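*Asks:* have a look; sequence and predicted model below, questions after that.
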Amino acid sequence: MINQPVGQKRLTNIAIVSMKKKCKKKEYKFEIACYPNKVVNSRQGIETDLDEVLQSEAVYTNVSRGDRALAKDLKACFGTADQKEIYYWH
């Protein structure tokens with residue numbers, strides 16, 4: 001019998017794009033999960049569709065652990081908790 005890990009997701013073919021932002025005297029770190037080749041194309045201006053670049057539409061504090069950013073932290077730093085608006089704003 002082969003034991004398979006249950007509920008464990010491997011992070012393969014993923015690029016973690018991080019951003020540190022200081023808000024209200026506290027520094028926050030936000031991360032998004034992207035496709036590596038699409039990130040390069042996006043930075044070069046080849047890929048303009050953000051939905052093709054992102055692996056997940058969530059904003060994280062730690063992608064590896066799956067910790068999503070709190071709405072209150074997003075609102076404090078970006079003025080909104082709408083993650084799509086944050087992607088296009090920055």
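*Replies:* Everything's here; your move.

*Asks:* got the contact list for the residue nearest the centre of the chain?
*Replies:* Nearest to the mean C-alpha position of the chain, counting by CA atoms, centre = their mean, stands Ile32 at 1.0 Å. Contacts for Ile32 (CB atoms under 8 Å, 6 or more residues apart in numbering) come out as Ile16, Val17, Leu54, Ser56, Ala58, Val59, Tyr60, Val63, Tyr87. Placement of C-beta: from N, CA and C, glycine included.

*Asks:* any weak-confidence spans in the protein?
*Replies:* Where the chain drops to pLDDT under 70, the residues are 1-9, 89-90.

*Asks:* got a ChimeraX select line for the buried ones in the contacts of Ile32?
*Replies:* A single ChimeraX command selects the buried members of these (16 or more other CB atoms under 10 Å):
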select :16,54,59,60,63
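
*Asks:* list just the nearest of the contacts of Ile32 to Val40.
*Replies:* Checking these against Val40 by CB to CB gives Val17 as the nearest, at 11.4 Å.

*Asks:* now do the host helix or strand of Tyr88: everything it contacts.
*Replies:* Using DSSP states H and E, the element containing Tyr88 is helix 83-89. Applying CB under 8 Å, 6+ apart, the contact partners of helix 83-89 are Ile32, Leu50, Leu54, Glu57, Ala58, Val59, Leu74, Phe78, Thr80.

*Asks:* tell me which residues of that helix are tucked away?
*Replies:* Within helix 83-89, the residues scored as buried using 16+ other CB under 10 Å are Gln83, Ile86.

*Asks:* and what of stretch 69-81?
*Replies:* Ala69, Asp73, Leu74, Cys77, Phe78, Ala81.
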